[in-house]
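**Q** Structure for this input, please:
(2 chains)
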Protein chains: 2
Amino acid sequence: MSASSHEHEEGLAFQPKFDASGLVTVVATDAANGDVLMVAHMNDEALRKTVATGEAWYFSRSRNALWRKGETSGQTQRVLEIRTDCDQDAIWLRVEQIGAACHTGRRSCFYRAVTEDKGSPRLSFVDAERLFDPNKVYRK
Amino acid sequence: MSASSHEHEEGLAFQPKFDASGLVTVVATDAANGDVLMVAHMNDEALRKTVATGEAWYFSRSRNALWRKGETSGQTQRVLEIRTDCDQDAIWLRVEQIGAACHTGRRSCFYRAVTEDKGSPRLSFVDAERLFDPNKVYRK
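**A** Below is the predicted model of the structure:
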């Protein structure tokens, strides 16, 4: 193992490894039950704001913009704990989610299970009830 | 919302969106307590094998190879549930982890918390005890 890899894995300096687009992958889980709420990305600024404010900030790849979670929908995330992984290219947030994390109005973005049906993968809805109507929340 | 986006979000056809490298992001959580064990990637073959066998297969970007979790270390993952997210570019596995998920010998790859120390982010170890000695398990 290289010195740099050892430092990343065993050191206490926070040196996130951003990808070619300047982003790290972020997983937000519900502190109440461990459910994965969403997988998203942060750039350096989003990460710093999240650490400093205790509220989740992300970077939207589709909108190419910094974004405070819930700034439009009101469905904010209070961050209880931030962790990084062995090679510091992923972040885990344990959050208190207000309402729904998903833009479709569901609590979690992961509202469909993958199962096998006659040898082919197939989806089925699980925990898929909507907590809000996205057409009302995200008005054009 | 485009027809294609609506189909991805509300349909029951499993149409994972692989990135330019042919990969999707995968989060594995511990079915026992909801802890995030690891964030990794799957290509189409890894995903199919995981669905078909109920054991976690990944694609290693560093080794550029398909990889059955635990094939070297014996620390396998039995998959209890597979979910996909709204835009089908991420996968959540709820797993029964045998031993440690992390190649450093820890149960989870996320064994360090990020906190603020005098305005700067800093790491501290949490749940960082080793369940195996990586120097013994991964012999060169």
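**Q** three-state assignment of residue A:20?
**A** With DSSP: H, G, I helix; E, B strand; the rest coil as the basis, the three-state label of residue A:20 is coil.
**Q** Return the backbone torsion pair for it.
**A** Here is the backbone geometry of residue A:20 (degrees, to the nearest 10): phi -60, psi -20.
**Q** Please report the distance of it from chain B.
**A** From residue A:20 across to chain B, the span is 10 Å (CB to the nearest CB, to the nearest Å). All C-beta atoms are positioned from the backbone trio N, CA, C, and that covers glycine.
**Q** Let me know how buried that residue is, in neighbour terms.
**A** Using other CB atoms under 10 Å in any protein chain shown, the number of residues around residue A:20 comes to 5.
**Q** got a pLDDT number for the residue of chain A found nearest chain B?
**A** In chain A, no residue comes nearer to chain B than residue A:34, which is 1.3 Å away by CB to the nearest CB. Looking at residue A:34, its pLDDT stands at 97.
**Q** what's near enough to touch it?
**A** Taking CB atoms under 8 Å, 6 or more residues apart in numbering or on different chains, we find residue A:34 in contact with B:29, B:30, B:33, B:34, B:35.
**Q** Go ahead and confirm the last one touches residue B:29.
**A** Yes - with the criterion set as CB atoms under 8 Å, residue B:35 and residue B:29 qualify as a contacting pair; they are 6.4 Å apart.
**Q** Tell me which of those two has more neighbours.
**A** Shown here are residue B:35 and residue B:29; by other CB under 10 Å, residue B:29 has more neighbours (25 against 20).
**Q** mind checking the SS state of that one?
**A** Applying three-state DSSP: residue B:29 is strand.
**Q** what's across from it in the sheet?
**A** Beta-bridge pairing for residue B:29 (DSSP bridges): residue B:36, residue B:94.
**Q** Isn't it up against residue B:36?
**A** Yes - Residue B:29 lies in contact with residue B:36 (CB under 8 Å); the separation is 5.5 Å.
**Q** Find residues that contact each of those two.
**A** Common neighbours of residue B:29 and residue B:36 (criterion: CB under 8 Å, 6+ apart): A:29, A:36.
**Q** Residue A:55 - how many residues pack around it?
**A** Count around residue A:55 with other CB under 10 Å applied: 16.
**Q** How about residues contacting the helix or strand bottoming out on mean pLDDT in chain A?
**A** Across the helices and strands of chain A, mean confidence by mean pLDDT, DSSP states H and E is lowest for helix A:3-10: a mean of 86. Residues from elsewhere that reach helix A:3-10 (CB under 8 Å, 6+ apart): A:1, A:13, A:15, A:17, A:86, A:87, A:88, B:104.
**Q** go with 6 Å
**A** Contacts made with helix A:3-10 from outside it, assessed by CB atoms under 6 Å, 6 or more residues apart in numbering or on different chains, are listed as A:86, A:87, A:88, B:104.
**Q** Without its sequence neighbours, what residue ends up closest to residue A:26?
**A** Leaving out its chain neighbours, the residue that sits closest to residue A:26 by CB to CB, 6 or more residues apart in numbering or on different chains is residue A:91, at 4.5 Å.
**Q** Could you report the pLDDT at the residue nearest to residue A:107 when sequence neighbours are not counted?
**A** Nearest residue to residue A:107 in three dimensions, chain neighbours excluded: residue A:100, at 5.2 Å (CB to CB, 6+ apart). Per-residue pLDDT puts residue A:100 at 97.
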